[in-house]
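Visitor: fold the following.
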Amino acid sequence: MLNSMQSTTTLHNGVKMPWLGLGVFKVEDGAEVVNSVKTALEVGYRSIDTAAIYGNEEGVGKAIAESTVPREELFITTKVWNSNHGFEATLAAFDVSLEKLGLDYLDLYLIHWPLPSQGKFVETWKALEKLYKDGRVRAIGVSNFKVHHLEEVIANCEIIPMVNQVEYHPRFNQRELHDFCKRHGIQLEAWSPLMQGGLFEEPALVEIAKKYNKSTAQIIIRWDLQTGVVTIPKSVKPHRIGENADVFDFELSQEDMDIINALNQDQRMFADPDDFNRV
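Guide: Numbers count the residues shown, from 1 in each chain. Okay, the predicted model is just below:
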């Protein structure tokens, strides 16, 4: 049931993951990220999503350490960056991230990008499998993987990814990828769910927002959840962090869901994973 901040989805290994979390992409390390995470935890968020490349793992860790929320109630995600693909490099990168976060274990560790030009993502995945088997992380997954990347992992590894975190919003609903993930028990997770504000003035969404007395951001987040997609909207503004979480007291009708689904244009805002090779 999607009726509270405590609502969770169960990953294919039995681990429960909150449907809603806070993303901290481009949130400055130090006071900004510490305050954002603390605000989110006070509002009721329990899932925080960071990454090595964000440069703010230490701040996230500081906020967690200063919070009164028990560690076992939190769901902390970080990601291995492209420059650390490969078995040993990934294991070393995990240790660095864990130390910066000040944690004994992670809840979810992701490969940030497939980086096909290096051809190491299967090897990198095998490092995640080791971390999982060793009990150092409760769940493992990938980010920005397309169907053919997932097929390669599934064909060559022991464990199917539990999560695939991808660009996902009403203009880019990744239907084929979502269907593939459903078939294989992979939980889809949305980054940039609000298209960095690019959908706030979309007439269809504005109209629906008026109908439910909600903001367009709240309508988009609720659409994510009702399509079965975990979502991690980013904000550093306390009122916005709270507003983004206020999506559990209403439900979009099927008619309105269909209107939002029809906004899809297969429009990426960011890089195609087959072409993104930044290290």
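Visitor: ok, V37 - contacts?
Guide: 22, 24, 48, 59-60, 63-64, 67 (Cβ atoms under 8 Å, 6 or more residues apart in numbering). The way it works is simple: take the backbone N, C-alpha and C, and place the C-beta from them, glycine included.
Visitor: report the two of those separated the most.
Guide: V24 and S67 (14.6 Å; Cβ to Cβ).
Visitor: out of these two, which sits in the busier spot?
Guide: V24 (27 against 16; other Cβ atoms under 10 Å).
Visitor: if we can go back for a sec, among the contacts of V37, name the ones in helices.
Guide: Among these, DSSP state H puts 59-60, 63-64 in helices.
Visitor: tally of neighbours for K234?
Guide: 21.
Visitor: per-residue pLDDT of the closest residue to it other than its chain neighbours, please?
Guide: In this structure, K234 finds its nearest non-sequential neighbour in G23, 4.0 Å apart by Cβ to Cβ, 6 or more residues apart in numbering. Looking at G23, its pLDDT stands at 96.
Visitor: the one 5 residues further on now?
Guide: Here the pLDDT value assigned to E28 is 94.
Visitor: specify the local secondary structure of it.
Guide: For E28, the secondary structure call by DSSP: H, G, I helix; E, B strand; the rest coil comes out as coil.
Visitor: could you check how far the residue nearest to it when sequence neighbours are not counted is from W81?
Guide: The spatially closest residue to E28, leaving aside those adjacent along the chain, is N56, at 6.9 Å (Cβ to Cβ, 6+ apart). With distances taken as Cβ to Cβ, to the nearest Å, N56 is found 13 Å from W81.
Visitor: for those two, indicate the residue with more neighbours.
Guide: N56 (26 against 21).
Visitor: stretch 87-96: which residues count as buried?
Guide: 87, 89-91, 93-94 (16 or more other Cβ atoms under 10 Å).
Visitor: make TSV out of those and add secondary structure, pLDDT and distance to I219.
Guide: Below are the buried residues of stretch 87-96 laid out as TSV (DSSP: H, G, I helix; E, B strand; the rest coil; pLDDT from 0 to 100; distance: Cβ to Cβ, whole Å):
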residue	secondary structure	pLDDT	distance to I219
F87	helix	98	43
A89	helix	98	42
T90	helix	98	38
L91	helix	98	42
A93	helix	98	37
F94	helix	98	37
